[in-house]
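# sharing a sequence plus its predicted fold:
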Amino acid sequence: EMAEHPANGHYAGFQTLMDVHPALAVTPFARVMGRGVKWGTRIVPLANQRLFGQGMYWGSNALLRAETVRASGGWVEDNICEDFALTARLDAAGHPIALVDVYNYEGFPPDALSLRERTVRWCRANLSVAPSVFRARTGFAVRLAVVTPILFYLMAPILLGLLILSLAAPVQVPLHSLGS
């Protein structure tokens, strides 16, 4: 009904937001990560939608118009980051993705090692698709959505380094107090 509304005809697809389901997040680690992803999908994607009129297709539980995908060059099959690449292709052709206030359930890695493996795979995927996204006539929202995870991946080692440096700093270095 929403997809067929005349005011929504220019959208290439409709992406649901993510939520964590207890049956899919089987460990405490997965539940915590799931909550983080749940709230993460409410920040950058919703800001892009509200500010720039463009959501992102992130590969699961979306309704896409097959005729629009075909007319925009078809499915991206040569990249692990096919969801972002397809969003860029659709955006360059003038067909945005709309986020909808419906939630889908995702599974999350059960432990830190599994999360690391998935994160490295996704980071490589984002890095591989970034050049084509920037070469295409994509809007700011799509470019921001591709760059944001890359920045997150880059920040992790920087924050770890700062933590190690702060632990190695001499204890004698005082913290300044207000008022004395």
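Yep, it's here.
# tell me the phi and psi of A62?
With angles defined as degrees, to the nearest 10, A62 shows backbone torsions of phi -120, psi 150.
# correction: T138
phi -90, psi 150.
# beyond the host helix or strand of T16, next helix or strand please.
For T16, the host element (DSSP states H and E) is strand 13-20. The C-terminal neighbour of strand 13-20 among helices and strands, as given by DSSP H and E, is helix 28-40.
# tell me which other helices or strands that next one touches.
strand 13-20, helix 112-135 (3 or more CB pairs under 8 Å, 6 or more residues apart in numbering; DSSP states H and E). Heads up, the C-betas are built off the backbone N, CA and C, glycines and all.
# what's the longest one packed up against?
This means helix 112-135. helix 28-40, helix 82-92, helix 140-168.
# other SSEs contacting the longest one?
In other words, helix 140-168. Looks like helix 140-168 contacts helix 44-52, helix 82-92, helix 112-135 (3+ CB pairs under 8 Å, 6+ apart).
# which of the ones you listed sits most buried?
Each of those was scored by mean neighbour count; the highest is helix 82-92, a mean of 24, by mean count of other CB atoms under 10 Å.
# residues in contact with that one: which ones?
12-13, 54, 56-59, 68-69, 72-73, 75-76, 79, 96-97, 125-126, 129, 132-133, 136-139, 141-142, 145-146 (CB atoms under 8 Å, 6 or more residues apart in numbering).
# chain center to the helix or strand following that helix: distance?
Proceeding N to C from helix 82-92, the next assigned helix or strand is strand 97-106, under DSSP H and E. In terms of CA atoms, centre = their mean, to the nearest Å, the centre of strand 97-106 is found 13 Å from the chain centre.
# contact partners for the closest residue in space to A71 that isn't next to it in sequence?
Among residues not flanking A71 along the chain, A93 sits closest, at 7.3 Å (CB to CB, 6 or more residues apart in numbering). Counting by CB under 8 Å, 6+ apart, A93 touches A71, S72, G73.
# now do 10 Å
Contact analysis of A93 by CB atoms under 10 Å, 6 or more residues apart in numbering lists A12, T68, V69, A71, S72, G73, A136, R137.
# most widely separated two among those?
With CB to CB as the measure, no two of the contacts of A93 lie farther apart than V69 and R137, at 17.3 Å.
# out of those two, which sits in the more crowded spot?
V69 (20 against 9; other CB atoms under 10 Å).
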